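Please find the sequence and the predicted model below.
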There are 2 protein chains.
Amino acid sequence: MTYFRDNIESLAGYTPGFQPARTDVVKLNTNENPWPPSPTVMEALRRLPDEKLRRYPQPMADDFRQAASEVLGISPSCIMAVNGGDDLLTIAVRSFCDQWRAMAYPTPTYSLYPVLARIQECDAVEIPFAEDFGIPEALYEVDASLVVVCNPNAPTGSFISPDELGRLAAALQDRAVLLIDEAYVDYAETNCLALTAEFDNVILLRSLSKGYSLAGLRFGYAVACQSLIEGMTKVKDSYNVDAMAIAAATAAIRDQAYFHENIEKIKAQRAILTQDLRRLGLDVRDSRANFVLARCPNGDAADLHEALARRGIYVRYFPLPHLEDKLRITVGTEAQNAALIGTLKELLRQ
Amino acid sequence: MTYFRDNIESLAGYTPGFQPARTDVVKLNTNENPWPPSPTVMEALRRLPDEKLRRYPQPMADDFRQAASEVLGISPSCIMAVNGGDDLLTIAVRSFCDQWRAMAYPTPTYSLYPVLARIQECDAVEIPFAEDFGIPEALYEVDASLVVVCNPNAPTGSFISPDELGRLAAALQDRAVLLIDEAYVDYAETNCLALTAEFDNVILLRSLSKGYSLAGLRFGYAVACQSLIEGMTKVKDSYNVDAMAIAAATAAIRDQAYFHENIEKIKAQRAILTQDLRRLGLDVRDSRANFVLARCPNGDAADLHEALARRGIYVRYFPLPHLEDKLRITVGTEAQNAALIGTLKELLRQ
C-alpha cells in the first residue's frame, strides 16, 4: 500500500541536470554562469553578523525588495522574493490552479511545468509551438487559469517580443494570469517589465541563478501588480528566503556594473559558439539565452552526448519529441567553448 | 474580479510573529535562541568558495545528510533536508492530503496547520486536547490521511511520550501518516527518533531554528523510512535548500558539544523563569520547549502584552479560545528573563 495521493505515487518527478562531483570537467549542461558572482556578494556574506542567523529573516526580504525596486524603477510592493524561480512557479500553480482551473503553456519548454500540474492535480494544456516559436494561436483562446510562457524559452533559446506578449495578456485579461518566466531574460535585448504596470494579470519570474552567477543561492523574484503579490504572499512560506540569501542577493542586484559586464561577455561568447557549431555542420537557431540548442548532423544527439561525457564535456540531452536530435549547450568561457568545439570536431570526423 | 482560487482569495494567511526593527529590546516573542550559533557555522560561511554560489547546490543536500546520519546513527536515505520546518509541512500536506484526504491534529497547536489545509483544500479535523494534553482519544480513530502532532507542542510546551505516540502510529498504520513536529524537541528529555525505524508511517520534523540558533538560515529536515522520503522528494523543489545553508547547517550539526551546552543553558533558564513567573502569581505549566505558556492573574493577557511591548519587552499573545488569557514567553538569557520579571512585577503591582 502507499500513503501518497495517487497523482504523487504515479509521478516520475523532475530530474535535475547531472552535477558531476569532479571539478576538472567542462560543465555546459545546466545553464550556470561560467564566471563568479560579484565580489560584493562574498563581501556581504563575510560581513553578515551571526545575529542575522540567530533571528528569523525578514518575511518579505525587505532589503532585497528595496534594492530591486531602485534598480527596476518600480514600487517594492510589486516585488516578492522567492527561493529560486521554481518556488514562484509552485506558488503560482497553488494560487491559480486546481481540478477546475487548468494551466497552459507552449511546448517544448521547461520540463518542470507538467510536474507541478500533476502535483496540483490540475490539467496541463500543452500547445506545440509553431515553426517560428511565436505564440501559438490556440493560446489566445485557451481555457486555463494560468498561462505560462518561458521567454526566452528553454530549451529553444527563442524569444517572443513584449508587444506580442502584451497582446496575449490583453486576450487573457479577466480570465487568466499570464506568468512570463524570464529566468533567461538577462541575455535578451529587451524584457516584459512594462507589462506588469499595464496589466493586472501579468507576473514576471526573474532569477539570480543565471545572469548574477548565483545558482547556488536559490534566489529569484516575482514582479506583478500589488494585488497579485499580496495574494501569492498568503501562499508562500512565511520565511521562504533565508537571511544569508537576502544579504547576498541584495549585494548582487546593487552591483549593476559587474552584472552588465558579465552579461556582455556571455553574449559575445554565444555569438562565437553559434558560429563555430554551424561551421561543424550543426543546425543552430539564434539564441537569446545563455545556451544554444543545436541539431546534430544525422540527428545522432544521444550518441554525441555520451561521447562528449566520456571526454569530460557535459551538455544536456532531452530524450523527448522534437528534442531527441538536439543538444542544449550552455555558453561557457572562451576556453570551455573551445574545448567543446575541439572535441566535437574530433568526434564528428570519425 | 479575482484571479485567485476561492480558497486562496478568502484566506487570511499566516501571521508571522512581530519582528521589531530596533535591536535594543527584549525579544521573547518568536522562540528564537538567545545565544549565537556555533562559531564553526560562521567559519564555514567565511570559507565557502564563490564556486559554490555559482553552481546549483546538491539537490539532496548530501553533505548535510551525511553529517546528520552520523549524528543520529541512521541511514542518509532516511533524511531529507528542507527549507525550514514549514517547507516540510507544506510538502507533507501536498503529498498526502486533498479534497478526499483530510489532515487532523490536536488543538491548540501551531497556527500554520489550518492555513496549509485551506491552501490544499483538504479538511482540517481539529480535535481539542484534554486537560492533561495527552493524545485525544478521537485521534486514534480519526478519518484522515495525515495526522500531525506537534511535540513538544506549541504554544503549550506540553510533551507526549514516545511510547504514547508509538501507540498512535500503530493505530494509524495502513491508514494515515503520523507527522511528529519535533521543532522544539531539543529542549525535551527524549524524542521519537526510534519510531521512524519501527513504523513505515512516521515522519519526524526537525528544525535547526531553535536548538542550533539558526532561525535566519531556514533549515530543517525530515526523518522517515526511505519510501516516504523518496515520495516526498518528488514533491519538494529540486533545489529547496541553498549552498550556503547546506554548509552552515552541516557545520552546526557537527558541533554537538556546542549544541548540548546551548540547550542546557536554556533548560536552566527555563526552570528559573517558570519559578519566577509562578511567584508573581502567573499559572505556568512545566514546559519541554524553549518557551513557557503563562496564564496571567485575572486573565488580562492582552493588556499585559501591550504594557510589556510599550516597555520594549516583546512576548506572544494569541487572541484565540483557551489562549486569550495567556502569554507565550520565549526563554531568553538570564538578563532578558530578569528584565521581563522586573517589569512584570512593576506592572502587576499597579
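Received, thanks. Numbers count the residues shown, from 1 in each chain, chains lettered A, B, ... in the order given.

tell me the contacts of A:F64?
A:F64 is in contact with A:A81, A:F219, A:Y221, A:V241, A:I246, A:A249, A:T250, A:I253, counting by CB atoms under 8 Å, 6 or more residues apart in numbering or on different chains. Yep, even glycine has a C-beta here, placed from its N, CA and C like the rest.

How many neighbouring residues does A:P128 have?
11 (other CB atoms under 10 Å in any protein chain shown).

if I look at it, how far off is A:V292?
Per CB to CB, to the nearest Å, A:P128 is found 21 Å from A:V292.

With A:V235 instead?
For A:V235, the distance to A:V292 - CB to CB - is 36 Å.

who's more crowded, these two?
Per other CB under 10 Å, whichever of A:V235 and A:V292 has more neighbours is A:V292, with 25 against 22.

Next secondary structure after the helix or strand harbouring the more buried one?
Secondary structure assignment for A:V292, by DSSP states H and E: strand A:291-295. Once the chain leaves strand A:291-295, the next helix or strand it forms, by DSSP H and E, is helix A:301-310.

near chain B too, which of the contacts of A:F64?
Under the cut-off given by CB under 8 Å from any CB of the partner chain, chain B has A:F219, A:V241 from those close to it.

Which of the contacts of A:F64 fall in strands?
A:A81, A:Y221 (DSSP state E).

tell me the contacts of the residue of the stretch 251-350 of chain A found nearest chain B?
Nearest residue of the stretch 251-350 of chain A to chain B: A:A252, at 9.3 Å (CB to the nearest CB). Residues near A:A252 by CB under 8 Å, 6+ apart: A:P37, A:S38, A:T40, A:V41, A:L208, A:Y212, A:L214, A:F259.

Can you tell me which of these are classed as buried?
A:P37, A:S38, A:V41, A:L208, A:Y212, A:L214, A:F259 (16 or more other CB atoms under 10 Å in any protein chain shown).

For the stretch 201-350 of chain A, which segments are assigned as helices?
Here the stretch 201-350 of chain A has its helices, by DSSP state H, counting those that start in this stretch, at A:226-235, A:243-254, A:256-279, A:301-310, A:334-349.

Now do the longest one against helix A:334-349, angle only.
Computed by axes from the mean of the first three to the mean of the last three CA atoms, to 10 degrees, the angle separating helix A:256-279 from helix A:334-349 equals 10 degrees.

Who are the packing partners of helix A:256-279?
strand A:283-284, strand A:291-295, helix A:334-349 (3 or more CB pairs under 8 Å, 6 or more residues apart in numbering or on different chains; DSSP states H and E).

try 6 Å
Secondary-structure packing of helix A:256-279 (3 or more CB pairs under 6 Å, 6 or more residues apart in numbering or on different chains; DSSP states H and E): strand A:283-284, helix A:334-349.

Same list (the buried ones among the contacts of A:A252) but as JSON lines, adding pLDDT.
What follows is the buried ones among the contacts of A:A252, written out as JSON lines (pLDDT from 0 to 100):
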{"residue": "A:P37", "pLDDT": "98"}
{"residue": "A:S38", "pLDDT": "98"}
{"residue": "A:V41", "pLDDT": "97"}
{"residue": "A:L208", "pLDDT": "98"}
{"residue": "A:Y212", "pLDDT": "98"}
{"residue": "A:L214", "pLDDT": "98"}
{"residue": "A:F259", "pLDDT": "98"}
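
And the residues you listed, which is closest to B:Q99?
Taking CB to CB as the measure, B:Q99 lies nearest A:L208 of the buried ones among the contacts of A:A252, at 36.7 Å.

What distance do you get for that closest one to A:V82?
The value you get for A:L208 to A:V82, if CB to CB is used, is 10 Å.

now swap in A:T30 and tell me
Relative to A:V82, A:T30 is positioned 19 Å away (CB to CB).

neighbour-wise, which of these two wins?
Neighbours per residue (other CB under 10 Å) separate A:T30 from A:V82, with A:V82 holding more: 27 against 19.

Give me the pLDDT for that one.
At A:V82, the pLDDT value in this model is 98.

cool, and A:T333?
The model's pLDDT for A:T333 equals 96.

Helix, strand or coil: sort out the nearest residue to it once chain neighbours are set aside for me.
Nearest residue to A:T333, sequence neighbours excluded (CB to CB, 6 or more residues apart in numbering or on different chains): A:P34, at 4.5 Å. Following DSSP: H, G, I helix; E, B strand; the rest coil, the label given to A:P34 is coil.

how far does stretch A:189-197 sit from the chain's center?
Stretch A:189-197 sits 16 Å away from the centroid of its parent chain (CA atoms, centre = their mean, to the nearest Å).

Could you tell me which residues within it count as buried?
Quick answer for stretch A:189-197 (16+ other CB under 10 Å): A:N191, A:C192, A:L193, A:L195, A:T196.

who touches it?
A:P162, A:L165, A:G166, A:A169, A:I180, A:E182, A:V185, A:V202, A:L204, A:V223, A:A224 (CB atoms under 6 Å, 6 or more residues apart in numbering or on different chains).
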